[in-house]
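[1] show me how the following folds:
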Amino acid sequence: SFLVLSKRLRRLSAGVLACSPASLCWSGTTGLPSYCWCFSVAEWSLKVFAAAMMKTGLDKRIALVVLSKIGAKTHHVLAGVICVGFVLSFFVPSTTARVSCMVPIVMGIIAVFGVPRKSKFAAIMLIAVAQADSIWNVGIKTAAAQNMVALGFIEKQLGTTISWLDWFIAAAPFAVIMSVLLYFVLLKLMPPEMEEIPGGREKIAQELSALGPMKTDEKKLLFISVVLLFFWATEKIVHPFDTSSTTIVAVTLMMMPGIGIMTWKEVQERINWGTLLLFGVGISLGSAILSTKAGEWIAHVIVQNFGLYDATATFIIAILALFLILIHLGFASATALSSAMIPICISVLQGASENMTLNVVGMVMILQYTICFGFILPVNAPQNMIAYSTDTFEVKDFIKTGIPLTVLAYLTILLLTNTYWKWLGLVL
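    Predicted coordinates:
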């Protein structure tokens, strides 16, 4: 029942956070402050959704349907892989799950086509799988855990909730631009050996045919996903329910007897509990930075050394975004980076806003987009490591395409900061 599941979710999130420096996240009456409990359970719910996609095979069906429309020319296949990353970002709220779905499909296509594993075609396909998912982590609020971490700190420190649609309107243009740039960067720097793959369309059709007609569980999950997407997109417009609440209700429906798609036992087997533990520890780390006043001290040093008290909003974003890109080279998880740096960024912007008018919430959103950049090294993101494990490309290949992509992403951030985001009011 709903009450039993809710109690389990509450115990789960409390237990996870208890494994970390949880005294920083406890409140006297409820055990956990609302933002810690809410976002931990929301992240768990998103992981359940991703597990349900993989269990039913709906993610594979969606990927194959998209690929079946694009033909057998190599540049069409590349465009199709990038488009699949975009489509799956709406329905599979886990980057590693999306990449884990795409890698076997792409590797199967490479094997059947008879393309060498170490070919440029194989390399750009797998690099595109990882990079496209990283790009759409920016475009979709629910696509990545680090976004939920940032939203938790924005809600706690700034008292503002950002709806799914508000995030999408602000971030989607960046993701669209970067998807197009990714396509051209890969074709320019690693042009495939052939222009067309014989039998490509037929192979994809065979894979799709092998899945058979849509099963009942797939139809249920597709219906729940579309309804949930509607609730996400119409948050604060048609209804007052936030993303976390609607996601938890959807997961509850998925696990109810008669209606549901998964049992609690299947959830336990398919969820990566280490990821949820990392999420809880990350929240506690950010809370420690706040409660010990370390964030304020670091913010004061940054503001003074870079002269941000008298700087423009664009200059502040340029400096902090560059700092986040460079420091990401030492992090293997954007969730951990967001947990450590978003509280500091908020403190920096609050300090700078004492001498000028700034939209702190909007600028924190933009900096969070930058945290999603994991384009340079395979170790900068779990999805990169999944792609790298296929042995289709070398580290130097990833760096060769990742550095130009990062530079273009940084320049796009600055361009939108001075145009589109200024028009939206994210930057004053």
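[2] how about the helices in the stretch 151-300 of the chain?
    Remark: helices assigned in the stretch 151-300 of the chain by DSSP state H, counting those that start in this stretch are 164-189, 200-210, 216-233, 243-254, 264-270, 273-291, 294-306.
[3] return the member of these having the minimum mean pLDDT.
    Per-stretch mean pLDDT for those is lowest at helix 273-291 (a mean of 63).
[4] hang on, the earlier thing: with mean neighbour count and distance to residue 135 added, can I get the helices of the stretch 151-300 of the chain in JSON lines?
    Glycine gets a C-beta too; all of them are placed from N, C-alpha and C. Formatted as JSON lines, these follow (neighbours: other C-beta atoms under 10 Å; distance: least, C-beta to C-beta, whole Å):
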{"stretch": "helix 164-189", "mean neighbour count": "19", "distance to residue 135": "5"}
{"stretch": "helix 200-210", "mean neighbour count": "16", "distance to residue 135": "23"}
{"stretch": "helix 216-233", "mean neighbour count": "17", "distance to residue 135": "19"}
{"stretch": "helix 243-254", "mean neighbour count": "22", "distance to residue 135": "21"}
{"stretch": "helix 264-270", "mean neighbour count": "13", "distance to residue 135": "26"}
{"stretch": "helix 273-291", "mean neighbour count": "21", "distance to residue 135": "21"}
{"stretch": "helix 294-306", "mean neighbour count": "16", "distance to residue 135": "28"}
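[5] could these go into TSV alongside distance to residue 149?
    Compiled in TSV, the helices of the stretch 151-300 of the chain are given as follows (distance: least, C-beta to C-beta, whole Å):
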stretch	distance to residue 149
helix 164-189	14
helix 200-210	36
helix 216-233	18
helix 243-254	13
helix 264-270	22
helix 273-291	6
helix 294-306	15
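[6] distance of the residue nearest to residue 313 when sequence neighbours are not counted from residue 420?
    Nearest residue to residue 313, sequence neighbours excluded (C-beta to C-beta, 6 or more residues apart in numbering): residue 427, at 4.9 Å. In this view, residue 427 and residue 420 are 10 Å apart by C-beta to C-beta, to the nearest Å.
[7] between these two, which has more neighbouring residues?
    Set residue 427 next to residue 420 and count neighbours by other C-beta atoms under 10 Å: residue 427 wins out with 22 against 16.
[8] and the more buried one, what is it in contact with?
    Each residue near residue 427 by C-beta atoms under 8 Å, 6 or more residues apart in numbering is listed here: 313, 314, 317, 359, 362, 363, 366, 417, 418, 421.
[9] please apply the same query to residue 374.
    Contacts of residue 374 (C-beta under 8 Å, 6+ apart): 134, 328, 334, 380, 381, 383, 384.
[10] repeat that for 7 Å
    134, 328, 334, 380, 381, 384 (C-beta atoms under 7 Å, 6 or more residues apart in numbering).
[11] what's the burial count for residue 314?
    13.
[12] wait, residue 53 touches residue 61, no?
    No - taking C-beta atoms under 7 Å as the definition, residue 53 is not a contact partner of residue 61, at 9.7 Å.
[13] what helix or strand is the closest residue to residue 178 other than its chain neighbours located in?
    Closest residue to residue 178 apart from its sequence neighbours, by C-beta to C-beta, 6+ apart: residue 135 at 4.6 Å. Assigned by DSSP states H and E, residue 135 belongs to helix 120-139.
[14] convert that helix to PDB, retaining C-alpha atoms only.
    Only the C-alpha atoms of helix 120-139 are listed here, as PDB (Å, rounded to 0.1, in the frame of the first residue of the first chain):
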ATOM      1  CA  LYS A 120      36.900   5.600 -35.900                       C
ATOM      2  CA  PHE A 121      33.200   4.800 -36.500                       C
ATOM      3  CA  ALA A 122      33.000   2.700 -33.400                       C
ATOM      4  CA  ALA A 123      34.900   5.300 -31.400                       C
ATOM      5  CA  ILE A 124      32.700   8.200 -32.300                       C
ATOM      6  CA  MET A 125      29.500   6.200 -31.700                       C
ATOM      7  CA  LEU A 126      30.500   5.300 -28.100                       C
ATOM      8  CA  ILE A 127      31.900   8.700 -27.400                       C
ATOM      9  CA  ALA A 128      28.600  10.200 -28.700                       C
ATOM     10  CA  VAL A 129      26.600   8.000 -26.400                       C
ATOM     11  CA  ALA A 130      28.500   9.300 -23.300                       C
ATOM     12  CA  GLN A 131      28.700  13.000 -24.300                       C
ATOM     13  CA  ALA A 132      25.100  13.300 -25.500                       C
ATOM     14  CA  ASP A 133      23.900  12.000 -22.200                       C
ATOM     15  CA  SER A 134      26.100  14.500 -20.300                       C
ATOM     16  CA  ILE A 135      24.800  17.300 -22.500                       C
ATOM     17  CA  TRP A 136      21.200  16.400 -21.800                       C
ATOM     18  CA  ASN A 137      21.900  16.200 -18.100                       C
ATOM     19  CA  VAL A 138      21.900  20.000 -18.400                       C
ATOM     20  CA  GLY A 139      18.800  20.200 -20.500                       C
END
